[in-house]
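> Pasting the sequence and the predicted model now:
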Amino acid sequence: MGFDRRDFFKTIAVTTGSLAGVSSLTATESNGLDADRFGVLSDLTYCLGCRHCEWACNEANGLPNQPLEVFSDA
């Protein structure tokens, strides 16, 4: 009983999957981003471009903030 085509593709699939997992772990560790970074999901269908959400986010999270007028692009 020899090594057939099906076994060859199984071996390639397992090897590729293993290597992909290792490379994704390496990329995650070396991205240089802080662990406490976060993102915000916004529904841009309601966005008017007033930037008041930026001000409100800073207030809600206790971040350094400027007066509301600074965020007005008008």
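Ah, there it is.

> Check which residues of stretch 65-74 are buried.
For stretch 65-74, burial by neighbour count (16 or more other CB atoms under 10 Å) applies to residue 71. (C-beta placed from N, C-alpha, C; glycine too.)

> So which residue is dead centre in this protein?
Central residue of the chain (CA atoms, centre = their mean): residue 39, 7.5 Å from the mean position.

> Now do that one against residue 56, distance only.
Distance check for residue 39 against residue 56: by CB to CB, to the nearest Å, it reads 16 Å.

> cool, residue 7 as well?
According to CB to CB, residue 7 stands 60 Å off from residue 56.

> Ok, residue 42 next?
Counting by CB to CB, the gap from residue 42 to residue 56 is 12 Å.

> more neighbours, these two?
A count of neighbours by other CB atoms under 10 Å puts residue 56 above the other of residue 42 and residue 56, at 13 against 10.

> what comes up buried for whichever helix or strand the more buried one is part of?
Per DSSP states H and E, residue 56 falls inside helix 52-60. Buried residues in helix 52-60, counted by 16+ other CB under 10 Å: residue 55.

> so how far is that helix from its chain's centroid?
Offset of helix 52-60 from its chain centre (CA atoms, centre = their mean, to the nearest Å): 21 Å.
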